[in-house]
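Novice: Have a look at this prediction, sequence included:
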Amino acid sequence: MKIAVIGSGYVGLVTGTCFAEIGNKVICVDIDEDKINKLNNNIVPIYEPGLEELVIKNKKEQRLGFTTDLKEAVKESDIIFICVGTPPKKSGEADLSYVENVARTIAEVMDSYKIIAEKSTVPVETGEKVAKIIKAYNTHNVDFDVVSNPEFLREGSAIEDFMHPDRIVIGCEREKARQIMQKLYAPLNAPILFTEIKSAEIIKHASNSFLATKISFINALSNICELAGADVEKVAEGMGYDKRIGRAFLNAGIGYGGSCFPKDIEAFIRIAEKLGYDFKLLKTVREINNEQKKTFIKKIEKILWNVKGKTIGILGLAFKPNTDDMRSAPSIDIINDIQKEGAKIKAYDPKAMEKAKHLLKNIEYCNNPYDVAKDADALVIATEWKEFKKLDLKKIKSLMKHSLIIDGRNIFNPYDVKKEGFTYISIGRKDVV
Ligand code: NAD
């Protein structure tokens, strides 16, 4: 099939590349000329495992192209995926102006039947609004369908998630669109749930909200465990064996971040409010998440007594491992806060440092974790990259001014760190001093 993907960011680029990989002819569009130039020169502007190889391969095999010309891309395609950003407004509501702009242009230029698929995360009823806009600007008066096809991929494992999804959700109102979407996704051999558009839109917000609820639940428990002298890792393990609960997303830490959870939770609270429901549960999830970060910062300040003049090494800047995405990364608030208190910051992240440099200033960016440890008064783990779990702790200790690790991701076994003579502060577990 011929596909246009509008918005070539984390979602659009993976979506377009994967659709090309399963045999479609795909053109990815973006308004960012620099991004499109890079992609046309085989430079992938984001880090996502496996993506660069797939982009280059599919370009070479002429199934994948990149352009800034939205109009041409629409004319050339049967299905148009909208993958532009839906960032939060000041009120927390999703800003749908990018979606609206794209919908209007599609309507003005489409000259044959098209499916317009929302892949961006949007509030319930957006599909209706997109259909209205397209109807209003449908210059050539052609037949069309709007479908909702929310995306569930996770940064860091996006290709795998796209190619082997737990489920594909398609909200559509007409048989014609249903059949085309079913054919498009058939090669993935995954369960497809067809619903009306509104349910599909809610499934996305509901799924992210539920996952965020699990995170806030275990983070709340981590505080109880600390107060009671229990171990949140063991508690999570014990809960996770119960198939009704499951172990996934029960990792205590410094709270969720990233481009999706904070914004989607905020947007869902606003959607509920507009519909006339006070979503108290989600408000509490958000509050616990914010508190968790603050509690962690207090831990750093408490153990160091005075942060001023001390050198703090930060390991991990991205909001999670295997990505370079810094959007709403907890490391940002942590660094800003301790910098305000007068600490000197050294930092290392395997992939996110280029992006971090635009956001976090007055930091000594290092080439590896050992350079971060050199002369540091404390090491703070902010992202659970695999390589940090394998650090040579003896070497780290020999380099540091004080042997103190404050672990926001529980990546070490407290006894292993104690054996090496560290003071070790983690989340929801007894301090090792
Ligand atoms: P992103 O910021 O990485 O990408 C959005 C892209 O759209 C940018 O490159 C931007 O330049 C482009 N754009 C904006 N206006 C445009 C226009 N008029 N024409 C063409 N391009 C335009 O964002 P993202 O992370 O890919 O997220 C996109 C959507 O997918 C959001 O709604 C997000 O909530 C949702 N989503 C994201 C993830 C994720 O993990 N990142 C997962 C599932 C769903």
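Specialist: That came in fine, so what should we check first?

Novice: Contact partners for the residue in the chain that the ligand sits nearest to?
Specialist: Closest contact between the chain and the ligand, by Cβ to the nearest ligand atom, is at G9 (1.8 Å). Backbone N, C-alpha and C define where each C-beta goes, glycine included. G9 is in contact with 30, 46, 83-85, counting by Cβ atoms under 8 Å, 6 or more residues apart in numbering.

Novice: please redo it, this time with the cut-off set to 7 Å
Specialist: By Cβ atoms under 7 Å, 6 or more residues apart in numbering, the contact list for G9 reads 83, 85.

Novice: what's the answer for the one 5 residues further on, then?
Specialist: With contacts defined as Cβ under 7 Å, 6+ apart, V14 is in contact with 48, 51, 153, 158-159, 162.

Novice: Quickly check those for the two that are furthest apart.
Specialist: Spanning the widest gap among the contacts of V14 are L51 and L153, at 11.2 Å by Cβ to Cβ.

Novice: got any ranges where this structure has weak pLDDT?
Specialist: Within the chain, no stretch has pLDDT under 70.

Novice: Show me it divided up by domain.
Specialist: As given by automatic domain parsing, the domain ranges for the chain are 2-195, 205-284, 289-425.

Novice: So for V432, which of these sits nearest?
Specialist: Counting by Cβ to Cβ, V432 lies closest to domain 289-425 out of the domains of the chain; the figure is 4.0 Å.

Novice: how many neighbours does the closest residue to I31 other than its chain neighbours have?
Specialist: Spatial nearest neighbour of I31, excluding adjacent residues (Cβ to Cβ, 6 or more residues apart in numbering): T68 at 6.5 Å. A count of nearby residues for T68, using other Cβ atoms under 10 Å, gives 15.

Novice: Surely T68 touches C28?
Specialist: No - under the criterion of Cβ atoms under 7 Å, T68 makes no contact with C28, lying 10.3 Å away.

Novice: Next up, the contacts around the closest residue to K283 other than its chain neighbours.
Specialist: Spatial nearest neighbour of K283, excluding adjacent residues (Cβ to Cβ, 6+ apart): I269 at 6.1 Å. Counting by Cβ under 7 Å, 6+ apart, I269 touches 92, 279, 282-283.

Novice: Mind doing that once more with 10 Å?
Specialist: Counting by Cβ atoms under 10 Å, 6 or more residues apart in numbering, I269 makes contact with 92-93, 205, 209, 277-283, 285-286.

Novice: From the chain's centre, how far out is stretch 375-386? Work that out for me.
Specialist: 21 Å (Cα atoms, centre = their mean, to the nearest Å).

Novice: Would you mind writing the CA trace of it as CSV?
Specialist: Coordinates of each C-alpha in stretch 375-386 appear next as CSV, following Å, rounded to 0.1, in the frame of the first residue of the first chain:
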residue,chain,number,x,y,z
ASP,A,375,36.8,13.2,42.8
ALA,A,376,33.0,13.0,43.3
ASP,A,377,31.5,13.3,46.7
ALA,A,378,28.5,11.2,45.6
LEU,A,379,27.3,9.3,42.6
VAL,A,380,23.6,9.5,41.8
ILE,A,381,22.0,6.9,39.5
ALA,A,382,19.2,8.6,37.6
THR,A,383,18.7,6.1,34.7
GLU,A,384,19.0,2.3,34.8
TRP,A,385,21.3,1.8,31.8
LYS,A,386,22.5,-1.8,31.6
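
Novice: in what helix or strand does C225 lie?
Specialist: C225 belongs to helix 197-228 when assigned by DSSP states H and E.

Novice: measure the residue lying closest to A329 once chain neighbours are set aside to I254 for me?
Specialist: With Cβ to Cβ, 6+ apart as the criterion, A329 has its nearest non-adjacent residue at 3.8 Å, and that residue is F319. Per Cβ to Cβ, to the nearest Å, F319 is found 10 Å from I254.

Novice: Strands of the stretch 101-250 of the chain, start to end?
Specialist: 114-118, 144-148, 168-171, 192-195 (DSSP state E, counting those that start in this stretch).

Novice: could the ones you listed be laid out in TSV, adding distance to the ligand and mean neighbour count?
Specialist: Converted to TSV, these look like this (distance: least, Cβ to the nearest ligand atom, whole Å; neighbours: other Cβ atoms under 10 Å):
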stretch	distance to the ligand	mean neighbour count
strand 114-118	9	25
strand 144-148	12	24
strand 168-171	12	22
strand 192-195	17	15
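
Novice: closest one to N336 among the ones you listed?
Specialist: Between N336 and the strands of the stretch 101-250 of the chain, the shortest separation by Cβ to Cβ is 34.6 Å, and it involves strand 114-118.

Novice: Give me the sheet partners of the closest one and which way each runs.
Specialist: Within its sheet, strand 114-118 is paired with strand 79-82 (parallel), strand 144-148 (parallel), according to DSSP bridges.

Novice: what residues do F319 and I254 have in common as contacts?
Specialist: 329-331, 382-383.

Novice: can I get those residues in CSV with secondary structure and distance to the ligand?
Specialist: Compiled in CSV, the shared contacts of F319 and I254 are given as follows (DSSP: H, G, I helix; E, B strand; the rest coil; distance: Cβ to the nearest ligand atom, whole Å):
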residue, secondary structure, distance to the ligand
A329, coil, 13
P330, helix, 16
S331, helix, 18
A382, coil, 19
T383, coil, 16
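
Novice: In TSV: those, plus neighbour count and distance to K395.
Specialist: As requested, these are arranged in TSV below (neighbours: other Cβ atoms under 10 Å; distance: Cβ to Cβ, whole Å):
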residue	neighbour count	distance to K395
A329	28	27
P330	26	27
S331	27	23
A382	28	20
T383	28	20
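
Novice: Tell me the one among those nearest to E291.
Specialist: Among the shared contacts of F319 and I254, P330 lies closest to E291 (Cβ to Cβ), at 12.3 Å.

Novice: Flag every residue of the stretch 251-400 of the chain that's near the ligand.
Specialist: Within reach of the ligand by Cβ under 6 Å from any ligand atom, the stretch 251-400 of the chain has these residues: 259-260.

Novice: same thing with the stretch 51-200 of the chain?
Specialist: Counting by Cβ under 6 Å from any ligand atom, the stretch 51-200 of the chain sits next to the ligand at 70, 83-86, 98, 101-102, 120-121, 151, 153, 155.

Novice: count of neighbours near I332?
Specialist: Going by other Cβ under 10 Å, the residues that sit close to I332 add up to 19.

Novice: do V11 as well
Specialist: Number of residues near V11 (other Cβ under 10 Å) recorded here: 24.

Novice: Give me the spatial nearest neighbour of it, chain neighbours excluded.
Specialist: Spatial nearest neighbour of V11, excluding adjacent residues (Cβ to Cβ, 6+ apart): C83 at 4.8 Å.
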